Every structure is written in C-alpha cells, then in structure tokens.
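Peer 1: generate a structure from the sequence data that follows.
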Amino acid sequence: MAQQLVSPEGVTIQVYSGVTGWTAQQVYDFLEPNAYQLGLIGPHLTIKVQTTCSTFTTTSAGTRGGVYTSFNATMYLNASSNSLLLTRPDATIAHEYGAVWSMYHLYLTEQGSWTLWLAARNLVDDPRVDSSDVWSKGEMIADDYRMLLGTQAAQDEMGYVNTEVPDPRTVPGLKDFFVNVWGA
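Peer 2: Numbering: from 1, shown residues only. Got it, this is the predicted structure:
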C-alpha cells in the first residue's frame with residue numbers, strides 16, 4: 001500500500017502501489033458529496049484503490065441471537081488506465097457507495113428483508129429479479145441510490161443500470177422511501 005487516509009467519518013481509504021493519478025484525499029473528495037449518512041456508514045467502510053481487480057463491493061453482516069448486529073464493507077475501486085473510475089468517477093463511487101449504504105440498511109435496518117424495497121420498486125414477484133446482473137437486487141438498489149442521492153455528476157455520467165424498469169427519479173415517493181424508510 002502506498003497511501004492511507006482515515007476520513008473524519010471513519011472511512012479507511014487505501015491507495016495501493018502502482019496506482020497513478022489518485023490520492024486518498026482525491027477519492028475522499030469524490031466520496032463525501034456522494035455519501036449520504038457517511039458518519040453512520042464510514043466506520044464500517046474500507047476503500048481499496050488498486051489496479052489488479054475490477055471495481056466491486058463486498059459486504060458482510062454478523063448476527064447475535066438471530067438479529068443482524070454488525071456490518072462491514074470493502075469497496076475495491078479499479079484505477080487502471082481504462083477504468084470507469086477515470087472517466088466516470090462520481091458515478092462509479094456513488095454506485096459503489098450505494099451498494100454499501102443499501103446493504104448496511106438491508107441488514108441493520110431491514111434485518112435482511114428486501115420486501116419494502118421490492119414493493120417500493122413494484123418488483124414483488126417479478127420473475128426477472130436476480131435473473132441477471134442488471135436484474136440483481138444489489139445492483140439495482142445501488143443504482144437507485146446513485147440516481148436519487150448521488151451528486152448531479154453521478155446521475156449524469158451514466159444511465160440507470162437496468163433500462164427495463166423506470167428510472168428511479170421518476171418513481172413517485174422513491175427518494176422519500178430511501179431517506180425516511182430504508183435509511184431510517
């Protein structure tokens with residue numbers, strides 16, 4: 001690892017050897033305006049900026065007495081010369097943070113139940129859900145987050161991940177649902 005920063009909210013940002021053009025501070029500068037509830041999520045998040053694997057996010061949750069009580073996440077951001085991080089940094093970081101934020105609340109707020117989000121998205125009993133990457137609940141909710149709570153740049157840098165469902169910005173009450181129900 002070449003550089004590490006711990007943000008005021010507790011996010012650990014690590015920039016690995018071989019990464020050029022990115023500092024931990026630059027990553028934080030894109031993260032902070034795209035990260036709703038960063039003070040809540042930050043202590044549970046590590047970001048690894050590297051060039052050896054694709055951009056993706058892993059999460060884990062622990063239980064005690066049958067109740068989810070702990071959560072951790074790692075965002076791997078690919079900073080190679082042909083990565084989306086270089087051409088669409090806000091969208092990439094907002095989507096990956098959206099994965100962290102939505103999984104945090106899936107486990108610790110919703111106790112592992114997708115029911116409320118599926119209902120809010122009118123996807124209950126839709127056989128296409130989880131049939132492919134663009135139909136993955138995790139990918140769709142992360143992109144809902146990006147389109148509803150990310151910066152304008154995060155919204156503009158690319159379209160919604162699944163073109164067969166309504167853009168989340170056009171779904172009445174969905175942003176309110178994210179803030180007042182899912183993220184409550």
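
Peer 1: find the nearest non-adjacent residue to residue 102, please.
Peer 2: Using Cβ to Cβ, 6 or more residues apart in numbering and skipping the chain neighbours, the partner closest in space to residue 102 is residue 141 (4.3 Å). For the C-beta atoms, the positions are set from N, CA and C on the backbone; glycine is no exception.

Peer 1: how about the one you found, what does it touch?
Peer 2: 98, 99, 102, 106, 117 (Cβ atoms under 8 Å, 6 or more residues apart in numbering).

Peer 1: now do the SS call for it.
Peer 2: Recorded secondary structure, residue 141: helix (DSSP: H, G, I helix; E, B strand; the rest coil).

Peer 1: circling back to that earlier point, out of the contacts of residue 141, grab the one that's most surrounded.
Peer 2: residue 98 (28 neighbours; other Cβ atoms under 10 Å).

Peer 1: pull out the buried positions in the host helix or strand of that residue.
Peer 2: Using DSSP states H and E, residue 98 sits within helix 89-108. If you call a residue buried by 16 or more other Cβ atoms under 10 Å, then helix 89-108 has these buried ones: 89-108.

Peer 1: let's test this: mean pLDDT of whichever helix or strand comes after it, rounded?
Peer 2: Per DSSP H and E, the first helix or strand lying C-terminal to helix 89-108 is helix 115-120. Across helix 115-120, pLDDT averages out at 98.

Peer 1: dump the contacts of residue 141 into JSON lines; add distance to residue 125 as well.
Peer 2: JSON lines is the format used below for the contacts of residue 141 (distance: Cβ to Cβ, whole Å):
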{"residue": "98", "distance to residue 125": "24"}
{"residue": "99", "distance to residue 125": "24"}
{"residue": "102", "distance to residue 125": "21"}
{"residue": "106", "distance to residue 125": "19"}
{"residue": "117", "distance to residue 125": "14"}
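
Peer 1: and the furthest pair within the residues you listed?
Peer 2: Largest separation among those by Cβ to Cβ: 99 and 117, giving 13.3 Å.

Peer 1: please tell me how far the residue nearest to residue 102 sits from residue 79.
Peer 2: Residue 141 sits 25 Å away from residue 79, taking Cβ to Cβ, to the nearest Å as the criterion.

Peer 1: what residues does the least confident helix or strand in the chain by mean pLDDT touch?
Peer 2: Sorting the helices and strands of the chain by mean pLDDT, DSSP states H and E puts helix 84-87 at the bottom, at a mean of 94. Helix 84-87 has contacts (Cβ under 8 Å, 6+ apart) with 21, 22, 49, 55, 77, 78, 79, 91, 92, 93, 157.
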